[in-house]
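**Student:** Here is the input, now give the coordinates:
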Amino acid sequence: MVLRHPDTGNRVEDILLLIDSGADVTLLPRTAVDQLGVVIMDDQYEIMGFDARITLAAVARVDLLFLRRTFKGSYLLIDQDHGILGRDILNLLALVLDGPGQTWYDQRPIANKT
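**Tutor:** Take a look at the predicted model:
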């Protein structure tokens with residue numbers, strides 16, 4: 001996964017995100033977002049983990065590059081070394097996981113932009 005600053009184009013590469021089809025939203029590691037130098041918004045949102053514990057999460061606007069696609073938006077930040085790839089992104093993909101081949105890909109082709 002690659003994160004990109006939406007204004008400067010600065011990038012942070014090889015961000016580890018766990019795929020969680022039960023997570024409503026994507027959560028990004030704050031340390032990776034801090035490296036981009038984006039402004040962290042003043043808003044905070046309550047999030048509930050699988051253990052029913054509620055925490056507050058800050059928000060930042062970044063570009064998320066995954067499987068040759070760019071997802072532009074505001075994402076919640078967490079204080080962990082890895083993030084969570086949630087349904088806000090997963091619902092936009094036809095993700096195929098090839099266990100024996102140790103690969104994954106989006107089954108839908110990317111539309112040509114002309």
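**Student:** okay, CA-based contacts and neighbour counts for the rest of this
**Tutor:** Fine.
**Student:** Now do the contacts for the residue nearest to L90 when sequence neighbours are not counted.
**Tutor:** Spatial nearest neighbour of L90, chain neighbours left out: S21 (7.3 Å); criterion: CA to CA, 6 or more residues apart in numbering. When the contact criterion is CA atoms under 8 Å, 6 or more residues apart in numbering, the partners of S21 are L85, G86, R87, L90.
**Student:** what's the second one sitting at in phi/psi?
**Tutor:** Backbone geometry at G86, expressed as degrees, to the nearest 10, gives phi -100, psi -180.
**Student:** residue ranges with poor pLDDT in this protein?
**Tutor:** Under the criterion pLDDT under 70, the flagged ranges of the chain are 111-114.
**Student:** where exactly do the helices run in this structure?
**Tutor:** Ranges of helices in the chain, per DSSP state H, are 30-36, 87-90.
**Student:** Nearest to L76, out of those helices?
**Tutor:** Closest to L76 of those is helix 30-36 (CA to CA; 8.7 Å).
**Student:** Can you give me the buried ones in the strand ranked longest in the chain?
**Tutor:** Longest strand of the chain, by residue count under DSSP state E: strand 54-66. The neighbour-count check on strand 54-66 (16 or more other CA atoms under 10 Å) flags A57, A58, V59, A60, R61, V62, D63, L64, L65 as buried.
**Student:** Before I go, just wanted to say thanks for your time.
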